[in-house]
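>>> Structural data only, the sequence is not supplied:
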């Protein structure tokens with residue numbers, strides 16, 4: 001049981017123990033970067049997890065995954081920003097760390113499954129494992145889990161799939177957990193202050209400044225492309241007499257293009273690094289709902305397989321399609337799969 005020291009994983013562990021599983025609590029040490037006291041890798045969070053484990057009567061260990069996390073998540077995060085893409089580190093962490101590296105450790109301990117406090121469902125149909133939305137739509141986390149393989153899904157347990165966040169906190173309170181009212185983490189775990197650019201500069205050096213381009217003309221200087229993302233309006237530091245947004249970032253020439261509000265809209269995207277769950281690969285175009293970011297509304301579209309990826313055509317224009325983010329496909333409540341947005 002992956003235990004972060006938060007309320008979700010704490011209650012998930014208790015539910016598994018109550019169900020009759022032999023549960024081993026594991027807190028993953030992922031990084032040594034500067035962090036807030038309540039961060040997922042902080043001493044206080046590890047102590048919270050230990051206290052919960054002791055209360056429900058399960059062993060608890062802290063396991064070091066800093067090398068794997070640096071290689072697979074932090075280095076990827078920095079590289080994507082330097083290449084003018086907006087990364088999705090939680091998806092990569094789930095695929096390579098929580099449900100790969102931790103799964104390998106679990107095998108070494110003789111464990112048959114890895115469990116987490118994610119809000120999502122795993123089901124079976126026609127010999128395949130399926131990923132489905134959680135009952136609590138407000139907390140559903142399937143967007144970050146679309147890249148899981150059949151082998152990984154077959155070994156994963158998610159005890160919170162059918163309960164709401166409010167119920168989770170109620171259970172924690174009834175069990176006397178000190179984390180019952182602990183606030184949810186809102187930022188990327190290794191950048192707790194949310195200043196991604198400063199983190200990248202500390203890790204990899206400053207990004208050189210360049211020009212803002214609006215209607216074919218230079219209209220100001222930017223601080224370096226790692227400070228910006230497609231769709232951004234605030235923090236540009238320029239005034240053009242009308243609201244403008246970042247529409248494109250050109251890392252090769254170190255240019256950032258600006259446009260009016262309507263210029264952020266697009267009906268098409270291309271994505272690669274695809275993963276499908278109900279089937280190995282589509283036999284042709286298909287219709288579904290798709291999300292282009294975690295908090296976006298799932299919108300009707302057609303997905304057309306092309307070389308090394310897909311072309312996605314939405315029925316209605318989407319706002320600020322962002323390279324580096326994930327596009328995730330749904331058939332009602334079932335995740336079809338997804339990939340990384342290229343353009």
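Ah, there it is. Since the structure is predicted, the reported quantities are computational estimates derived from the model, not experimental observations.
>>> could you measure residue 295 against residue 275, distance?
Distance of residue 295 to residue 275, computed by C-beta to C-beta, to the nearest Å: 21 Å. Backbone N, C-alpha and C define where each C-beta goes, glycine included.
>>> Repeat that for residue 186.
27 Å.
>>> Which residue of the two possesses the greater neighbour count?
Using other C-beta atoms under 10 Å as the criterion, residue 186 and residue 275 rank with residue 275 on top: 18 against 7.
>>> Straight-line length of stretch 155-173, end to end?
By C-alpha to C-alpha, to the nearest Å, the extent of stretch 155-173 from end to end equals 29 Å.
>>> residues making contact with that stretch?
Residues from elsewhere that reach stretch 155-173, judged by C-beta atoms under 8 Å, 6 or more residues apart in numbering: 7-8, 10-12, 14-16, 19, 21, 99, 103, 106, 112-122, 134-136, 138-139, 148, 179-181.
>>> Helix or strand: which one has the residue nearest to residue 194 when sequence neighbours are not counted?
Spatial nearest neighbour of residue 194, excluding adjacent residues (C-beta to C-beta, 6 or more residues apart in numbering): residue 187 at 4.9 Å. For residue 187, there is no host helix or strand (DSSP states H and E).
>>> Residue 187: how many residues sit nearby?
Residues lying near residue 187 (other C-beta under 10 Å) number 14.
>>> Just the buried ones from the contacts of stretch 155-173?
By neighbour count, with 16 or more other C-beta atoms under 10 Å, these hold 7-8, 10-12, 14-16, 21, 99, 103, 106, 114-122, 134-136, 139, 148, 179-180 as buried.
>>> out of those residues, which are inside helices?
Within these, residues falling in helices by DSSP state H are 7-8, 10-12, 14-16, 103, 106.
>>> Look at the spatially most central residue of the chain and give its secondary structure.
The centroid of the chain falls nearest to residue 90 when counting by C-alpha atoms, centre = their mean (3.0 Å). Of the three states, residue 90 takes helix according to DSSP: H, G, I helix; E, B strand; the rest coil.
>>> re the thing from before, which one of the ones in helices among the buried ones among the contacts of stretch 155-173 is nearest residue 281?
residue 103 (23.9 Å; C-beta to C-beta).
>>> In contact with that closest one, which residues?
Residue 103 touches 114, 152, 155, counting by C-beta under 8 Å, 6+ apart.
>>> Next, format those as CSV and append distance to residue 246 and pLDDT.
Formatted as CSV, the contacts of residue 103 follow (distance: C-beta to C-beta, whole Å; pLDDT from 0 to 100):
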residue, distance to residue 246, pLDDT
114, 39, 97
152, 35, 97
155, 41, 96
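>>> will you turn the residues you listed into JSON lines that also has distance to residue 268?
JSON lines is the format used below for these (distance: C-beta to C-beta, whole Å):
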{"residue": "114", "distance to residue 268": "37"}
{"residue": "152", "distance to residue 268": "31"}
{"residue": "155", "distance to residue 268": "37"}
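>>> In contact with residue 247, which residues?
By C-beta under 8 Å, 6+ apart, the neighbours of residue 247 are 230, 257-259, 263-264.
>>> ok so, going back, ok, so what distance separates the residue nearest to the centre of the chain from residue 245?
Taking C-beta to C-beta, one finds residue 90 at 25 Å from residue 245.
>>> next one: residue 76
Residue 76 is 26 Å from residue 245, by C-beta to C-beta.
>>> Show me how the record splits this structure into domains.
Using automatic domain parsing, the domain parsing of the chain gives 7-174, 206-259, 264-341.
>>> Present the ones you listed as JSON lines; the columns should include distance to residue 196.
Output for those, formatted as JSON lines (distance: least, C-beta to C-beta, whole Å):
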{"stretch": "domain 7-174", "distance to residue 196": "7"}
{"stretch": "domain 206-259", "distance to residue 196": "7"}
{"stretch": "domain 264-341", "distance to residue 196": "12"}
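>>> Of those, which is nearest residue 199?
Here domain 7-174 is closest among these (C-beta to C-beta), at 7.3 Å.
>>> first vs last residue of that closest one, how far apart are they?
End-to-end for domain 7-174, by C-alpha to C-alpha: 12 Å.
>>> Also stretch 90-97?
Stretch 90-97: ends 10 Å apart by C-alpha to C-alpha.
>>> Figure out how far that stretch is from the centre of its chain.
8 Å (C-alpha atoms, centre = their mean, to the nearest Å).
>>> Please apply the same query to stretch 191-211.
How far stretch 191-211 lies from its chain's middle: 20 Å, per C-alpha atoms, centre = their mean.
>>> got the end-to-end distance for it?
27 Å.
>>> again, but for stretch 116-128
For stretch 116-128, the first-to-last residue distance is 21 Å (C-alpha to C-alpha).
>>> where's residue 308 relative to residue 272, distance?
Per C-beta to C-beta, residue 308 is found 5 Å from residue 272.
>>> No further queries at this time; thank you.
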